[in-house]
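[1] need a 3D model of the following:
(one chain, ligands or ions: 2)
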Amino acid sequence: MSSADKNLSEFVANNLPDISNKKFAIVVSEWNETITGALYEGAYNTLLAYGAKEENIIKAEVPGSFELSLGSQKFAQKEEIDAVIALGCVIQGETKHFDFICMAVANGITEVSLKYNKPVIFGVLTPNTMQQALDRAGGIHGNKGDEAAFTAIKMLAI
Ligand SMILES: Nc1c(NC[C@H](O)[C@H](O)[C@H](O)CO)[nH]c(=O)[nH]c1=O
Ligand SMILES: CC(=O)[C@@H](O)COP(=O)(O)O
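    Residues are numbered from 1 along each chain as shown. Ligands and ions are numbered 1, 2, ... in the order given. The predicted model follows:
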């Protein structure tokens, strides 16, 4: 199913945990900051909408999506952090660099999540074009940041 078939900002909100005392770290890539800034706003506002406190949401920025793994680890290793949301946007260029970054960050974030046994959410867009990115950062297909935050909340219910 593609994002065109399922809006990224539409959720089935059942059996959600109380997150009023949960602490979240949102790690955001600075590359394509117009997109990642929109992803962050979506994630931040979604956490607040479902009961998180402002003081329990920490934001950190990293240079690019490749650095999201280490940036996420710096928070995942902290006992007081309940979940990490990693946000980025890797846009296909002329070379295979796109492939290496996407694979590295997907694998890296997965490793961090499993190592520290807590949700580290892959909120990274991997579009072919800027328009596809815009469509998924608050555009016609919703906001990947919303989806990432909601995923973190649902994972805390497990
Ligand atoms: N081209 C994009 C990058 N490239 C930078 C890498 O993420 C990394 O910072 C660099 O290779 C140094 O380690 N990053 C994105 O997030 N999005 C891109 O489109
Ligand atoms: C995903 C990238 O790093 C990409 O933007 C770099 O562009 P190019 O492959 O044309 O060097």
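
[2] span of stretch 66-80 from start to end?
    25 Å (CA to CA, to the nearest Å).

[3] that one near ligand 2 anywhere?
    No - Stretch 66-80 lies apart from ligand 2 when judged by CB under 6 Å from any ligand atom; the minimum separation is 8.6 Å. For glycine as for every other residue, the C-beta is placed from the backbone atoms N, C-alpha and C.

[4] hang on, residue 39 packs against residue 86?
    No - at 10.1 Å, residue 39 does not count as touching residue 86 under the criterion of CB atoms under 8 Å.

[5] joint contacts of the two?
    Here residue 39 and residue 86 share the contacting residues 123, 148, scored by CB atoms under 8 Å, 6 or more residues apart in numbering.

[6] the residue nearest to residue 59 when sequence neighbours are not counted: neighbour count?
    Closest residue to residue 59 apart from its sequence neighbours, by CB to CB, 6 or more residues apart in numbering: residue 26 at 5.2 Å. Neighbours of residue 26 under the rule other CB atoms under 10 Å: 27.

[7] residue 26: what secondary structure?
    Following DSSP: H, G, I helix; E, B strand; the rest coil, residue 26 is assigned to strand.

[8] ditto for residue 100
    Secondary structure state of residue 100, per three-state DSSP, is helix.

[9] give me the most central residue, this structure.
    Among the residues of the chain, the one closest to the centroid is residue 123, at 2.8 Å (CA atoms, centre = their mean).

[10] packing partners of the host helix or strand of that residue?
    Residue 123 is located in strand 120-125, with elements delineated by DSSP states H and E. The helices and strands touching strand 120-125, judged by 3 or more CB pairs under 8 Å, 6 or more residues apart in numbering; DSSP states H and E, are helix 33-49, helix 68-76, strand 83-89, helix 97-116, helix 144-155.
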